[in-house]
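Visitor: below is the structure, and that's it, no one-letter string:
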(Lines give C-alpha, C1' and ligand atoms only; values in the text may rest on other atoms or scores of the structure.)
Protein backbone atom coordinates (compact mmCIF):
# COMPACT_ATOMS: atom_id res chain seq x y z
CA UNK A 1 0.00 0.00 0.00
CA UNK A 2 2.37 2.70 -1.27
CA UNK A 3 0.94 6.05 -0.23
CA UNK A 4 2.14 8.97 -2.32
CA UNK A 5 0.68 11.68 -0.05
CA UNK A 6 3.05 13.74 2.05
CA UNK A 7 0.59 15.23 4.58
CA UNK A 8 -1.06 12.62 6.81
CA UNK A 9 -4.67 12.00 7.81
CA UNK A 10 -5.71 11.46 11.44
CA UNK A 11 -9.23 10.07 11.92
CA UNK A 12 -11.13 9.72 15.18
CA UNK A 13 -12.87 6.42 15.88
CA UNK A 14 -16.27 6.43 17.56
CA UNK A 15 -19.81 5.04 17.35
CA UNK A 16 -19.93 5.46 13.57
CA UNK A 17 -16.59 3.71 13.04
CA UNK A 18 -16.31 0.89 15.56
CA UNK A 19 -16.72 -2.28 13.52
CA UNK A 20 -13.86 -4.04 11.78
CA UNK A 21 -15.21 -3.50 8.26
CA UNK A 22 -15.50 0.27 8.65
CA UNK A 23 -12.10 0.65 10.32
CA UNK A 24 -10.57 -1.42 7.50
CA UNK A 25 -12.25 0.82 4.92
CA UNK A 26 -10.89 3.96 6.65
CA UNK A 27 -7.38 2.48 6.59
CA UNK A 28 -7.64 1.48 2.94
CA UNK A 29 -8.85 4.99 2.07
CA UNK A 30 -5.64 6.42 3.50
CA UNK A 31 -5.94 7.10 7.24
CA UNK A 32 -2.42 7.07 8.70
CA UNK A 33 -3.18 7.59 12.41
CA UNK A 34 -6.30 6.67 14.37
CA UNK A 35 -7.39 8.79 17.33
CA UNK A 36 -9.00 7.23 20.39
CA UNK A 37 -10.90 10.03 22.11
CA UNK A 38 -11.13 9.18 25.82
CA UNK A 39 -13.62 12.01 26.38
CA UNK A 40 -16.19 9.53 25.02
CA UNK A 41 -16.67 5.79 25.19
CA UNK A 42 -15.38 3.22 27.64
CA UNK A 43 -11.92 1.76 28.04
CA UNK A 44 -13.31 -1.52 26.68
CA UNK A 45 -14.56 0.31 23.55
CA UNK A 46 -11.12 1.75 22.88
CA UNK A 47 -9.33 -1.55 23.58
CA UNK A 48 -11.57 -3.31 21.06
CA UNK A 49 -10.84 -0.71 18.38
CA UNK A 50 -7.11 -0.83 19.02
CA UNK A 51 -7.11 -4.63 18.68
CA UNK A 52 -8.76 -4.28 15.27
CA UNK A 53 -6.04 -1.82 14.24
CA UNK A 54 -3.22 -4.09 15.37
CA UNK A 55 -4.74 -7.00 13.43
CA UNK A 56 -4.96 -4.83 10.31
CA UNK A 57 -1.35 -3.81 10.84
CA UNK A 58 -0.27 -7.45 10.76
CA UNK A 59 -2.44 -8.25 7.75
CA UNK A 60 -1.13 -5.37 5.64
CA UNK A 61 2.42 -5.32 7.08
CA UNK A 62 2.01 -1.56 7.41
CA UNK A 63 2.60 0.36 10.69
CA UNK A 64 -0.48 2.14 11.99
CA UNK A 65 -0.21 5.01 14.45
CA UNK A 66 -2.62 5.23 17.40
CA UNK A 67 -3.22 8.51 19.26
CA UNK A 68 -4.75 8.43 22.74
CA UNK A 69 -6.48 11.78 23.36
CA UNK A 70 -6.98 12.44 27.08
CA UNK A 71 -10.09 14.29 28.23
CA UNK A 72 -8.34 16.72 30.57
CA UNK A 73 -10.06 18.88 33.21
CA UNK A 74 -13.66 19.82 32.45
CA UNK A 75 -14.77 23.03 34.15
CA UNK A 76 -18.56 23.07 34.38
CA UNK A 77 -21.38 24.80 36.22
CA UNK A 78 -23.85 22.87 38.37
CA UNK A 79 -27.54 22.41 37.67
CA UNK A 80 -30.42 24.93 37.53
CA UNK A 81 -33.82 24.79 39.21
CA UNK A 82 -35.69 24.40 35.92
CA UNK A 83 -32.81 22.84 34.03
CA UNK A 84 -32.02 26.24 32.54
CA UNK A 85 -32.01 29.99 33.21
CA UNK A 86 -31.81 33.19 31.19
CA UNK A 87 -29.08 35.71 31.95
CA UNK A 88 -29.75 39.30 30.86
CA UNK A 89 -26.94 41.61 29.77
CA UNK A 90 -26.11 44.17 32.46
CA UNK A 91 -27.48 42.15 35.38
CA UNK A 92 -25.42 40.82 38.27
CA UNK A 93 -24.74 37.08 38.49
CA UNK A 94 -23.10 35.20 41.35
CA UNK A 95 -21.00 32.06 41.17
CA UNK A 96 -20.38 30.22 44.44
CA UNK A 97 -19.68 26.87 46.12
CA UNK A 98 -23.26 26.28 47.29
CA UNK A 99 -24.40 23.03 45.66
CA UNK A 100 -28.08 23.99 45.49
CA UNK A 101 -29.53 24.32 41.95
CA UNK A 102 -28.99 27.74 40.43
CA UNK A 103 -31.32 30.32 38.91
CA UNK A 104 -31.10 33.54 36.90
CA UNK A 105 -29.10 35.30 39.64
CA UNK A 106 -26.61 32.60 40.75
CA UNK A 107 -25.09 29.22 39.92
CA UNK A 108 -22.99 26.52 41.54
CA UNK A 109 -19.36 26.39 40.39
CA UNK A 110 -17.63 23.38 42.04
CA UNK A 111 -14.09 24.50 41.27
CA UNK A 112 -12.32 26.28 44.18
CA UNK A 113 -9.16 26.50 42.08
CA UNK A 114 -10.97 28.91 39.75
CA UNK A 115 -12.02 31.20 42.59
CA UNK A 116 -8.43 31.14 43.89
CA UNK A 117 -7.12 32.42 40.57
CA UNK A 118 -9.73 35.07 39.77
CA UNK A 119 -9.21 38.81 40.10
CA UNK A 120 -11.57 41.74 39.54
CA UNK A 121 -11.73 42.37 35.82
CA UNK A 122 -11.23 38.70 34.87
CA UNK A 123 -13.51 37.46 32.11
CA UNK A 124 -15.50 34.23 32.30
CA UNK A 125 -16.99 32.49 29.28
CA UNK A 126 -19.98 30.14 29.53
CA UNK A 127 -21.22 27.55 27.02
CA UNK A 128 -18.33 27.79 24.52
CA UNK A 129 -18.23 31.58 24.78
CA UNK A 130 -21.89 32.22 24.01
CA UNK A 131 -22.27 34.06 27.33
CA UNK A 132 -19.68 36.36 28.90
CA UNK A 133 -19.25 37.53 32.48
CA UNK A 134 -16.94 40.14 34.02
CA UNK A 135 -15.73 39.56 37.58
CA UNK A 136 -16.42 42.59 39.80
CA UNK A 137 -15.66 41.12 43.23
CA UNK A 138 -14.37 37.71 44.27
CA UNK A 139 -13.14 35.61 47.16
CA UNK A 140 -12.01 32.06 47.90
CA UNK A 141 -15.51 30.63 47.35
CA UNK A 142 -17.47 33.16 45.30
CA UNK A 143 -17.41 35.62 42.40
CA UNK A 144 -19.82 38.49 41.86
CA UNK A 145 -20.03 39.23 38.13
CA UNK A 146 -21.75 41.43 35.59
CA UNK A 147 -23.30 39.75 32.56
CA UNK A 148 -21.64 41.30 29.50
CA UNK A 149 -23.30 39.04 26.93
CA UNK A 150 -26.47 37.29 28.06
CA UNK A 151 -28.51 34.35 26.86
CA UNK A 152 -29.90 31.04 27.99
CA UNK A 153 -27.74 28.73 30.10
CA UNK A 154 -28.58 25.14 31.03
CA UNK A 155 -27.30 22.38 33.33
CA UNK A 156 -23.57 21.60 33.49
CA UNK A 157 -22.45 23.89 30.70
CA UNK A 158 -18.72 24.48 30.37
CA UNK A 159 -16.82 27.47 31.70
CA UNK A 160 -13.60 29.00 30.33
CA UNK A 161 -11.24 31.46 32.02
CA UNK A 162 -9.15 32.82 29.14
CA UNK A 163 -7.07 35.43 30.93
CA UNK A 164 -5.89 33.39 33.90
CA UNK A 165 -3.47 30.50 34.40
CA UNK A 166 -5.39 28.11 36.62
CA UNK A 167 -3.58 26.06 39.30
CA UNK A 168 -4.87 22.83 37.77
CA UNK A 169 -2.96 19.76 36.61
CA UNK A 170 -3.71 18.76 33.00
CA UNK A 171 -4.10 15.19 34.29
CA UNK A 172 -7.26 14.41 36.26
CA UNK A 173 -7.65 11.11 38.16
CA UNK A 174 -9.66 9.82 35.18
CA UNK A 175 -6.85 10.87 32.81
CA UNK A 176 -4.26 9.05 34.89
CA UNK A 177 -6.32 5.86 34.79
CA UNK A 178 -6.91 6.21 31.05
CA UNK A 179 -3.26 6.97 30.46
CA UNK A 180 -2.00 3.86 32.24
CA UNK A 181 -4.63 1.80 30.45
CA UNK A 182 -3.64 3.15 27.04
CA UNK A 183 0.08 2.79 27.66
CA UNK A 184 -0.44 -0.83 28.68
CA UNK A 185 -2.29 -1.39 25.39
CA UNK A 186 0.62 0.13 23.49
CA UNK A 187 -0.65 3.45 22.09
CA UNK A 188 1.96 5.43 20.17
CA UNK A 189 1.03 9.06 20.87
CA UNK A 190 -0.67 10.72 23.85
CA UNK A 191 -2.52 13.98 23.22
CA UNK A 192 -2.37 16.09 26.39
CA UNK A 193 -5.34 18.42 26.91
CA UNK A 194 -5.48 21.66 28.93
CA UNK A 195 -1.80 22.50 28.50
CA UNK A 196 -1.14 25.93 30.04
CA UNK A 197 2.62 25.98 30.60
CA UNK A 198 5.82 23.94 30.02
CA UNK A 199 5.56 22.31 33.45
CA UNK A 200 2.42 20.50 32.26
CA UNK A 201 4.51 18.62 29.67
CA UNK A 202 7.10 17.74 32.29
CA UNK A 203 4.39 16.34 34.56
CA UNK A 204 3.09 14.08 31.79
CA UNK A 205 6.61 13.05 30.75
CA UNK A 206 7.37 11.88 34.28
CA UNK A 207 4.54 9.36 33.94
CA UNK A 208 4.83 8.43 30.26
CA UNK A 209 8.60 8.30 29.96
CA UNK A 210 9.57 6.71 26.64
CA UNK A 211 6.47 4.52 26.39
CA UNK A 212 4.78 6.94 23.98
CA UNK A 213 5.34 10.34 22.39
CA UNK A 214 3.54 13.37 23.78
CA UNK A 215 1.44 15.68 21.62
CA UNK A 216 0.56 18.93 23.38
CA UNK A 217 -2.88 20.28 22.48
CA UNK A 218 -2.66 24.06 22.21
CA UNK A 219 -6.10 25.27 23.23
CA UNK A 220 -5.24 27.87 25.91
CA UNK A 221 -3.86 31.38 25.25
CA UNK A 222 -1.31 30.89 28.04
CA UNK A 223 0.15 27.92 26.14
CA UNK A 224 0.70 30.10 23.09
CA UNK A 225 2.59 32.56 25.28
CA UNK A 226 4.99 29.70 26.17
CA UNK A 227 5.01 28.27 22.65
CA UNK A 228 8.75 27.85 22.14
CA UNK A 229 9.33 26.11 25.48
CA UNK A 230 6.34 23.80 25.01
CA UNK A 231 7.41 22.85 21.47
CA UNK A 232 10.89 22.10 22.81
CA UNK A 233 9.60 19.77 25.55
CA UNK A 234 6.96 17.80 23.65
CA UNK A 235 7.20 15.46 20.64
CA UNK A 236 4.43 17.07 18.62
CA UNK A 237 1.75 19.77 18.69
CA UNK A 238 -1.98 19.76 17.94
CA UNK A 239 -3.58 23.08 17.04
CA UNK A 240 -6.92 22.58 18.83
CA UNK A 241 -8.78 25.40 17.15
CA UNK A 242 -12.15 24.80 18.77
CA UNK A 243 -11.17 25.65 22.33
CA UNK A 244 -8.58 28.17 21.16
CA UNK A 245 -11.35 29.98 19.27
CA UNK A 246 -13.51 30.13 22.39
CA UNK A 247 -10.88 31.81 24.56
CA UNK A 248 -9.55 34.15 21.86
CA UNK A 249 -11.25 36.37 19.29
CA UNK A 250 -11.90 34.10 16.29
CA UNK A 251 -10.01 36.41 13.92
CA UNK A 252 -6.80 35.66 15.85
CA UNK A 253 -6.96 31.90 15.36
CA UNK A 254 -5.70 31.74 11.72
CA UNK A 255 -2.71 33.90 12.64
CA UNK A 256 -1.90 31.73 15.66
CA UNK A 257 -2.32 28.56 13.62
CA UNK A 258 0.31 29.75 11.17
CA UNK A 259 2.58 30.91 14.01
CA UNK A 260 2.37 27.47 15.69
CA UNK A 261 2.96 25.60 12.42
CA UNK A 262 6.07 27.66 11.71
CA UNK A 263 7.43 27.09 15.22
CA UNK A 264 6.97 23.32 14.85
CA UNK A 265 8.54 23.23 11.40
CA UNK A 266 11.52 25.17 12.67
CA UNK A 267 11.96 22.71 15.54
CA UNK A 268 11.34 19.65 13.41
CA UNK A 269 8.34 18.58 15.51
CA UNK A 270 5.16 17.13 13.93
CA UNK A 271 2.18 19.50 13.93
CA UNK A 272 -1.48 18.54 13.47
CA UNK A 273 -4.28 20.97 12.64
CA UNK A 274 -7.59 19.85 14.16
CA UNK A 275 -11.22 20.80 14.84
CA UNK A 276 -14.05 21.52 12.40
CA UNK A 277 -11.97 20.90 9.28
CA UNK A 278 -14.89 19.27 7.42
CA UNK A 279 -17.53 19.87 10.08
CA UNK A 280 -20.49 20.06 7.69
CA UNK A 281 -19.76 16.47 6.59
CA UNK A 282 -21.05 15.26 9.95
CA UNK A 283 -24.49 15.56 8.33
CA UNK A 284 -23.80 16.15 4.62
CA UNK A 285 -21.98 14.07 1.98
CA UNK A 286 -20.00 17.07 0.73
CA UNK A 287 -18.16 19.88 2.57
CA UNK A 288 -18.55 23.61 2.17
CA UNK A 289 -16.11 25.44 -0.12
CA UNK A 290 -14.79 27.29 2.92
CA UNK A 291 -13.93 23.99 4.64
CA UNK A 292 -12.10 22.73 1.55
CA UNK A 293 -10.11 25.97 1.48
CA UNK A 294 -9.36 25.61 5.20
CA UNK A 295 -7.89 22.13 4.76
CA UNK A 296 -5.96 23.22 1.68
CA UNK A 297 -4.47 26.20 3.50
CA UNK A 298 -3.12 23.94 6.25
CA UNK A 299 -1.56 21.63 3.65
CA UNK A 300 -0.01 24.57 1.79
CA UNK A 301 1.52 25.67 5.11
CA UNK A 302 3.28 22.31 5.35
CA UNK A 303 1.49 20.74 8.33
CA UNK A 304 2.32 17.13 9.10
CA UNK A 305 -1.31 16.04 9.44
CA UNK A 306 -4.91 17.19 9.34
CA UNK A 307 -7.50 15.63 11.62
CA UNK A 308 -11.11 14.53 11.46
CA UNK A 309 -13.08 14.51 14.73
CA UNK A 310 -16.88 14.14 14.74
CA UNK A 311 -16.78 13.73 10.95
CA UNK A 312 -15.34 10.23 11.32
CA UNK A 313 -16.34 9.40 14.92
CA UNK A 314 -20.08 10.04 14.90
CA UNK A 315 -20.97 11.57 11.55
CA UNK A 316 -23.17 10.10 8.84
CA UNK A 317 -20.40 10.11 6.22
CA UNK A 318 -17.10 8.96 7.80
CA UNK A 319 -15.75 7.26 4.67
CA UNK A 320 -16.69 10.16 2.45
CA UNK A 321 -14.97 12.55 4.88
CA UNK A 322 -11.69 10.64 4.67
CA UNK A 323 -11.94 10.39 0.90
CA UNK A 324 -12.56 14.14 0.66
CA UNK A 325 -9.58 14.86 2.91
CA UNK A 326 -7.42 12.61 0.74
CA UNK A 327 -8.58 14.34 -2.44
CA UNK A 328 -7.88 17.81 -1.07
CA UNK A 329 -4.38 16.85 0.06
CA UNK A 330 -3.55 15.14 -3.23
CA UNK A 331 -4.80 18.10 -5.24
CA UNK A 332 -2.75 20.61 -3.24
CA UNK A 333 0.41 18.50 -3.29
CA UNK A 334 0.14 18.10 -7.05
CA UNK A 335 -0.03 21.85 -7.64
CA UNK A 336 2.94 23.97 -8.71
CA UNK A 337 2.41 26.57 -5.92
CA UNK A 338 2.80 23.78 -3.36
CA UNK A 339 5.86 22.25 -5.02
CA UNK A 340 7.49 25.66 -5.42
CA UNK A 341 6.72 26.85 -1.90
CA UNK A 342 6.86 23.86 0.44
CA UNK A 343 10.60 24.08 1.05
CA UNK A 344 10.71 27.82 1.56
CA UNK A 345 9.53 27.65 5.16
CA UNK A 346 12.39 25.47 6.35
CA UNK A 347 14.59 27.08 8.97
CA UNK A 348 18.31 27.86 8.65
CA UNK A 349 20.57 24.99 9.69
CA UNK A 350 21.32 25.40 13.44
CA UNK A 351 24.85 24.01 13.12
CA UNK A 352 24.64 20.38 14.27
CA UNK A 353 26.08 17.68 12.01
CA UNK A 354 22.66 16.07 11.65
CA UNK A 355 21.14 19.33 10.42
CA UNK A 356 23.99 19.91 7.98
CA UNK A 357 23.50 16.40 6.56
CA UNK A 358 19.76 16.93 6.13
CA UNK A 359 20.21 20.38 4.57
CA UNK A 360 22.61 18.76 2.10
CA UNK A 361 20.06 16.00 1.55
CA UNK A 362 17.54 18.54 0.32
CA UNK A 363 19.99 19.90 -2.26
CA UNK A 364 21.28 16.49 -3.36
CA UNK A 365 17.80 15.02 -3.74
CA UNK A 366 16.73 17.97 -5.87
CA UNK A 367 19.85 17.97 -8.06
CA UNK A 368 19.71 14.21 -8.74
CA UNK A 369 15.89 14.03 -8.94
CA UNK A 370 16.05 11.34 -6.30
CA UNK A 371 13.14 8.91 -6.37
CA UNK A 372 13.14 8.62 -2.60
CA UNK A 373 15.13 9.51 0.49
CA UNK A 374 15.81 6.47 2.67
CA UNK A 375 16.45 7.07 6.36
CA UNK A 376 17.75 4.32 8.59
CA UNK A 377 16.86 5.08 12.21
CA UNK A 378 16.23 3.42 15.56
CA UNK A 379 14.70 6.35 17.45
CA UNK A 380 13.12 8.26 14.55
CA UNK A 381 15.51 11.21 14.91
CA UNK A 382 16.98 10.90 11.41
CA UNK A 383 13.54 10.73 9.79
CA UNK A 384 12.30 13.74 11.77
CA UNK A 385 15.32 15.76 10.69
CA UNK A 386 14.83 14.72 7.05
CA UNK A 387 11.12 15.64 7.19
CA UNK A 388 12.00 19.01 8.70
CA UNK A 389 13.65 20.01 5.42
CA UNK A 390 10.45 19.33 3.41
CA UNK A 391 12.40 17.91 0.47
CA UNK A 392 10.34 17.15 -2.63
CA UNK A 393 11.19 13.43 -2.53
CA UNK A 394 9.25 11.15 -0.15
CA UNK A 395 11.01 9.68 2.88
CA UNK A 396 11.23 5.92 3.30
CA UNK A 397 11.91 5.33 7.00
CA UNK A 398 13.55 1.97 7.72
CA UNK A 399 13.66 1.06 11.39
CA UNK A 400 14.07 -2.11 13.43
CA UNK A 401 11.67 -0.68 16.04
CA UNK A 402 7.94 -1.21 15.50
CA UNK A 403 7.24 1.56 18.04
CA UNK A 404 9.29 4.03 15.99
CA UNK A 405 7.60 2.92 12.77
CA UNK A 406 4.15 3.55 14.26
CA UNK A 407 5.12 6.98 15.62
CA UNK A 408 6.53 8.00 12.24
CA UNK A 409 3.07 7.50 10.71
CA UNK A 410 2.27 11.00 11.99
CA UNK A 411 5.21 12.71 10.24
CA UNK A 412 5.09 14.60 6.93
CA UNK A 413 6.36 12.66 3.94
CA UNK A 414 7.50 9.64 5.97
CA UNK A 415 6.58 6.11 4.86
CA UNK A 416 7.69 3.88 7.77
CA UNK A 417 8.71 0.24 7.29
CA UNK A 418 9.91 -2.09 10.03
CA UNK A 419 13.00 -4.03 8.93
CA UNK A 420 15.56 -6.24 10.58
CA UNK A 421 18.58 -4.58 12.14
CA UNK A 422 21.71 -4.07 10.02
CA UNK A 423 25.35 -4.33 11.06
CA UNK A 424 27.33 -2.33 8.53
CA UNK A 425 26.93 0.34 5.85
CA UNK A 426 27.02 -2.14 2.97
CA UNK A 427 24.15 -4.13 4.43
CA UNK A 428 22.22 -0.91 5.05
CA UNK A 429 22.59 0.28 1.42
CA UNK A 430 21.51 -3.13 0.13
CA UNK A 431 18.48 -3.09 2.43
CA UNK A 432 17.63 0.49 1.36
CA UNK A 433 17.71 -0.24 -2.39
CA UNK A 434 15.74 -3.46 -2.02
CA UNK A 435 13.02 -1.88 0.15
CA UNK A 436 12.73 1.21 -2.07
CA UNK A 437 11.88 -1.04 -5.01
CA UNK A 438 9.70 -3.38 -2.98
CA UNK A 439 7.62 -0.49 -1.59
CA UNK A 440 7.10 1.02 -5.04
CA UNK A 441 9.21 4.16 -4.59
CA UNK A 442 12.00 3.32 -7.07
CA UNK A 443 12.84 1.11 -10.01
CA UNK A 444 15.92 -0.02 -11.93
CA UNK A 445 18.07 3.00 -12.77
CA UNK A 446 16.55 5.29 -10.11
CA UNK A 447 18.74 7.36 -7.80
CA UNK A 448 18.04 7.20 -4.08
CA UNK A 449 19.63 9.11 -1.21
CA UNK A 450 20.35 7.25 2.03
CA UNK A 451 21.04 8.97 5.36
CA UNK A 452 21.78 7.40 8.73
CA UNK A 453 23.75 7.73 11.94
CA UNK A 454 26.96 5.84 12.55
CA UNK A 455 27.35 3.95 14.83
CA UNK A 456 23.91 2.34 14.37
CA UNK A 457 21.46 2.42 17.25
CA UNK A 458 22.65 5.66 18.82
CA UNK A 459 19.98 8.40 18.70
CA UNK A 460 20.87 11.85 17.33
CA UNK A 461 24.01 10.83 15.41
CA UNK A 462 22.89 11.44 11.81
CA UNK A 463 26.23 11.83 10.02
CA UNK A 464 26.09 9.76 6.81
CA UNK A 465 24.72 10.67 3.38
CA UNK A 466 25.09 8.17 0.54
CA UNK A 467 23.79 8.28 -3.04
CA UNK A 468 22.89 4.89 -4.52
CA UNK A 469 21.59 3.83 -7.91
CA UNK A 470 19.12 0.97 -8.22
CA UNK A 471 20.85 -1.72 -10.30
CA UNK A 472 19.32 -3.26 -13.38
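Guide: Right, received. Where do you want to start? Predicted model, so just to flag it, every value in this text is computed and none were measured. Numbering: from 1, shown residues only.

Visitor: can you tell me the closest non-neighbouring residue to residue 50?
Guide: Counting by CB to CB, 6 or more residues apart in numbering, the nearest residue to residue 50 once its immediate chain neighbours are dropped is residue 185, at 5.4 Å. (C-beta placed from N, C-alpha, C; glycine too.)

Visitor: the one you found and residue 97, how far apart?
Guide: Here the criterion is CB to CB, to the nearest Å. By it, residue 185 lies 38 Å from residue 97.

Visitor: again with residue 70
Guide: Counting by CB to CB - residue 70 and residue 97 are separated by 27 Å.

Visitor: those two: which has the busier surroundings?
Guide: For residue 70 versus residue 97, neighbours defined as other CB atoms under 10 Å are more numerous around residue 70 (23 against 14).

Visitor: list the contacts of the more buried one.
Guide: With contact taken as CB atoms under 8 Å, 6 or more residues apart in numbering, residue 70 is in contact with 38, 170-171, 175, 178-179, 190-193.

Visitor: per-residue confidence at the residue nearest to residue 50?
Guide: Per-residue confidence for residue 185 comes out at a pLDDT of 97.

Visitor: and it, how many neighbours?
Guide: The tally of other residues near residue 185 (other CB under 10 Å) stands at 16.

Visitor: and the gap between it and residue 406?
Guide: Counting by CB to CB, the gap from residue 185 to residue 406 is 12 Å.

Visitor: where in this structure is pLDDT low?
Guide: When residues are selected by pLDDT under 70, those of the chain lie in 1-3, 344-351.

Visitor: can you give the domain ranges for it?
Guide: As recorded under automatic domain parsing, the domains making up the chain are 8-73+169-335, 84-160, 346-469.

Visitor: picking that back up, give me the subset of the contacts of residue 70 lying in helices.
Guide: 175, 178-179 (DSSP state H).

Visitor: strands of the stretch 101-250 of the chain, residue ranges please.
Guide: In the stretch 101-250 of the chain, the strands defined using DSSP state E, counting those that start in this stretch lie at 106-108, 123-126, 131-139, 142-149, 151-154, 159-160, 189-192, 213-218, 236-240.

Visitor: mind listing what's buried in the last one?
Guide: Put plainly, it is strand 236-240. Buried positions in strand 236-240, judged by neighbour count with 16 or more other CB atoms under 10 Å: 236-240.

Visitor: return the member of those nearest to residue 423.
Guide: The shortest separation between residue 423 and any of those is 31.6 Å, and it belongs to residue 236 (by CB to CB).

Visitor: distance of the closest one from residue 189?
Guide: Residue 236 is 7 Å from residue 189, where distance means CB to CB.

Visitor: same question for residue 458.
Guide: Separation of residue 458 from residue 189 (CB to CB): 24 Å.

Visitor: higher neighbour count, those two?
Guide: Higher neighbour count among residue 458 and residue 189: residue 189, with 26 against 11, using other CB under 10 Å.

Visitor: residues contacting the nearest residue to that one once chain neighbours are set aside?
Guide: Using CB to CB, 6+ apart and skipping the chain neighbours, the partner closest in space to residue 189 is residue 67 (4.3 Å). For residue 67, the contact set (CB under 8 Å, 6+ apart) comprises 10, 33-36, 187-191, 215, 410.

Visitor: same thing but at 6 Å, please
Guide: Under the criterion of CB atoms under 6 Å, 6 or more residues apart in numbering, the contact list for residue 67 reads 33, 35, 189, 191.

Visitor: which among those count as buried?
Guide: Among the contacts of residue 67, those scoring as buried are 33, 35, 189, 191 (criterion: 16+ other CB under 10 Å).

Visitor: list just the nearest of these to residue 400.
Guide: Top of the list for closeness to residue 400, among these and by CB to CB, is residue 189 at 20.1 Å.

Visitor: what sits in contact with each of residue 236 and residue 189?
Guide: By CB under 6 Å, 6+ apart, the residues touching both residue 236 and residue 189 are residue 215.

Visitor: which parts of stretch 126-144 are buried?
Guide: Neighbour-count burial for stretch 126-144, with 16+ other CB under 10 Å as criterion, is recorded at 126-127, 129, 131-133, 135, 138, 142-144.
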